[in-house]
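S.K.: generate coordinates for the sequence data below:
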Amino acid sequence: MVQRGRLTGIILVLLLGARSAAAAEASSAPADPRRASVTLLGQNSAASGVREVIAELLAREGFAVSWSERDSFRPQDFLERTGEDPLAAMDVWIDLSSSFEAHLYFHDFQADRFFIRSLPLGQGIDEIAKEEIGRVVASAVLSLSQEDGQALTRSEARAALQVQSAQGRGSPAPPASSRPLRLEIVVAGGAQALAREIPMAGVLAISGAVTRGPRWGRDGGRFGVWLDLGYQIPASYQGSAVGVALQSIWLRAGGHWEIERRRRAAFRLGLGGGFDRVDFQPRGDAAMVELAPRGAFFVPVACFWGGVDIRLSEHLALTTRAFADIALMDVHYELRNSGGASRRVLVPFSFRPGASLGMAFVF
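M.R.: Now for the predicted structure:
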């Protein structure tokens with residue numbers, strides 16, 4: 001019995017020694033030089049779209065990536081070897097908690113080579129910002145894997161973090177450029193109802209809009225103002241005795257509400273008013289009727305519209321719009337006989353719907 005107890009004790013000692021050796025071997029296993037651990041910081045970092053860009057760029061360089069998320073950045077995690085993935089050769093932290101600046105932190109497996117980068121986000125996290133962040137991450141990860149580039153030592157990285165922290169405490173509120181005024185110019189053509197005698201007339205327009213906030217940013221609503229200058233292509237009507245040729249220019253202004261979806265489409269509703277300057281030319285047989293002289297007059301108009309902009313590129317979009325004008329005065333063209341009696345020859349609609357298609361240039 002004594003010998004059997006001694007044998008059991010020896011076996012237990014051997015098993016514990018083997019387990020300790022295995023654990024020591026696992027803890028000292030070299031990191032995969034083509035593997036990076038990336039941590040996204042900030043409550044909205046997952047929805048920013050940065051992860052997809054970084055994953056694509058690192059995949060092109062042959063790096064595998066493990067992902068994690070946190071709400072805030074802790075300097076001690078950066079200065080020491082405390083990454084989420086023990087097999088990663090480098091750790092990356094991407095801090096998107098600020099709406100006007102992105103902070104990027106990198107260190108290698110031994111935590112003795114460090115990179116710290118900051119990128120301004122003047123337009124928010126738009127396509128350009130995502131691409132810049134992705135390229136900085138890919139470049140830094142490649143440099144760490146090749147032990148290339150001017151890296152910081154641990155003491156230099158600690159000093160840089162202290163300076164960054166002091167600047168953050170003394171920095172003012174985000175600058176106004178983080179919510180810039182965006183200008184758009186739209187050139188469009190379409191058709192609009194005119195009168196029973198002239199059902200449709202062609203229209204051309206050039207529009208300008210100023211909106212608060214970046215285009216193709218995160219989903220959300222924004223207010224803006226707009227101004228339209230338009231031209232109705234000449235249209236004419238000829239009755240049995242007299243007719244009229246019409247053309248007009250118009251000016252409209254107002255406000256609009258814009259909401260974006262998935263950075264590909266923007267939906268807008270607008271309301272405003274303005275005036276039409278109508279140029280008319282009576283037509284008929286001068287031997288049978290006495291024609292009134294050519295003239296022009298102004299018509300006050302209220303208007304509303306809705307539209308969808310489809311993104312083609314960062315600065316170009318296809319615009320579609322349905323609109324309606326409401327004339328605020330009675331407009332008609334009439335024929336008077338020798339006895340002074342009159343009858344209406346042409347009466348434009350007081351409610352004139354229309355539609356247009358155009359291109360928007362975004363600045």
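S.K.: run through the strands of the stretch 51-200 of the chain in chain order.
M.R.: 64-70, 88-95, 101-108, 114-120, 181-193, 200-212 (DSSP state E, counting those that start in this stretch).
S.K.: now the third one against strand 88-95, angle please.
M.R.: Read it as strand 101-108. Counting by axes from the mean of the first three to the mean of the last three Cα atoms, to 10 degrees, strand 101-108 points 170 degrees away from the direction of strand 88-95.
S.K.: for strand 101-108, what is the average pLDDT?
M.R.: Over the span of strand 101-108, the pLDDT mean works out to 90.
S.K.: can you put the strands of the stretch 51-200 of the chain in JSON lines and add distance to residue 347?
M.R.: Where C-beta positions appear, they are placed from N, C-alpha and C, glycine not excepted. JSON lines is the format used below for those (distance: least, Cβ to Cβ, whole Å):
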{"stretch": "strand 64-70", "distance to residue 347": "66"}
{"stretch": "strand 88-95", "distance to residue 347": "65"}
{"stretch": "strand 101-108", "distance to residue 347": "61"}
{"stretch": "strand 114-120", "distance to residue 347": "59"}
{"stretch": "strand 181-193", "distance to residue 347": "13"}
{"stretch": "strand 200-212", "distance to residue 347": "14"}
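S.K.: which one of these lies nearest to residue 151?
M.R.: strand 114-120 (6.0 Å; Cβ to Cβ).
S.K.: helices and strands around the closest one, which ones?
M.R.: Packing partners of strand 114-120 (3 or more Cβ pairs under 8 Å, 6 or more residues apart in numbering; DSSP states H and E): strand 101-108, helix 127-145, helix 154-170.
S.K.: contacts for it?
M.R.: Contact partners of strand 114-120, identified using Cβ atoms under 8 Å, 6 or more residues apart in numbering, comprise 78, 100-107, 129, 132-133, 136, 140, 143-144, 149, 151-154, 156-157, 160-161, 164.
S.K.: ok, what's across the strand from residue 37?
M.R.: residue 66, residue 91 (DSSP bridges).
S.K.: now swap in residue 320 and tell me
M.R.: Beta-bridge partners, per DSSP bridges, of residue 320: residue 308, residue 357.
S.K.: now for it, how many residues are close by?
M.R.: 15 (other Cβ atoms under 10 Å).
S.K.: got a list of what it touches?
M.R.: 307, 308, 309, 310, 355, 356, 357.
S.K.: list the residues that contact the first one.
M.R.: Meaning residue 307. 267, 268, 270, 319, 320, 321, 322.
S.K.: can you spell out which helices and strands pack onto the helix or strand containing the first one?
M.R.: The reference is to residue 267. According to DSSP states H and E, residue 267 maps onto strand 265-284. The elements that strand 265-284 packs onto, with contact taken as 3+ Cβ pairs under 8 Å, 6+ apart, are strand 221-238, strand 242-261, strand 295-313, strand 316-327.
S.K.: change it to 7 Å
M.R.: When contacts are defined as 3 or more Cβ pairs under 7 Å, 6 or more residues apart in numbering; DSSP states H and E, strand 265-284 packs onto strand 221-238, strand 242-261, strand 295-313.
S.K.: wait, which of these is closest to residue 70?
M.R.: strand 242-261 (28.1 Å).
S.K.: quickly run through the sheet partners of the closest one, with directions.
M.R.: As assigned by DSSP bridges, strand 242-261 forms pairs with strand 221-238 (antiparallel), strand 265-284 (antiparallel).
S.K.: dump those strands to JSON lines, plus mean pLDDT, mean neighbour count and distance to residue 255.
M.R.: JSON lines is the format used below for the strands paired with strand 242-261 (pLDDT from 0 to 100; neighbours: other Cβ atoms under 10 Å; distance: least, Cβ to Cβ, whole Å):
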{"stretch": "strand 221-238", "mean pLDDT": "92", "mean neighbour count": "16", "distance to residue 255": "5"}
{"stretch": "strand 265-284", "mean pLDDT": "92", "mean neighbour count": "17", "distance to residue 255": "6"}
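S.K.: turn those into CSV, including distance to residue 89.
M.R.: Formatted as CSV, the strands paired with strand 242-261 follow (distance: least, Cβ to Cβ, whole Å):
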stretch, distance to residue 89
strand 221-238, 43
strand 265-284, 41
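S.K.: and of these, who's closest to residue 212?
M.R.: Of these, nearest to residue 212 by Cβ to Cβ is strand 221-238, at 5.6 Å.
S.K.: dump the C-alpha coordinates for that closest one into PDB.
M.R.: Extracted C-alpha coordinates of strand 221-238, given in PDB (Å, rounded to 0.1, in the frame of the first residue of the first chain):
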ATOM      1  CA  GLY A 221     -31.800  64.900 -40.700                       C
ATOM      2  CA  ARG A 222     -30.700  68.400 -41.600                       C
ATOM      3  CA  PHE A 223     -32.200  71.800 -42.400                       C
ATOM      4  CA  GLY A 224     -31.200  74.000 -45.400                       C
ATOM      5  CA  VAL A 225     -32.200  76.800 -47.600                       C
ATOM      6  CA  TRP A 226     -32.600  76.900 -51.400                       C
ATOM      7  CA  LEU A 227     -33.000  79.200 -54.300                       C
ATOM      8  CA  ASP A 228     -34.300  78.300 -57.800                       C
ATOM      9  CA  LEU A 229     -34.000  80.300 -61.100                       C
ATOM     10  CA  GLY A 230     -36.100  78.700 -63.800                       C
ATOM     11  CA  TYR A 231     -37.200  79.200 -67.400                       C
ATOM     12  CA  GLN A 232     -40.400  78.000 -69.100                       C
ATOM     13  CA  ILE A 233     -39.700  77.100 -72.700                       C
ATOM     14  CA  PRO A 234     -42.100  79.000 -75.000                       C
ATOM     15  CA  ALA A 235     -45.400  77.400 -75.600                       C
ATOM     16  CA  SER A 236     -48.300  78.600 -77.700                       C
ATOM     17  CA  TYR A 237     -52.000  78.100 -78.300                       C
ATOM     18  CA  GLN A 238     -54.100  79.100 -81.400                       C
END
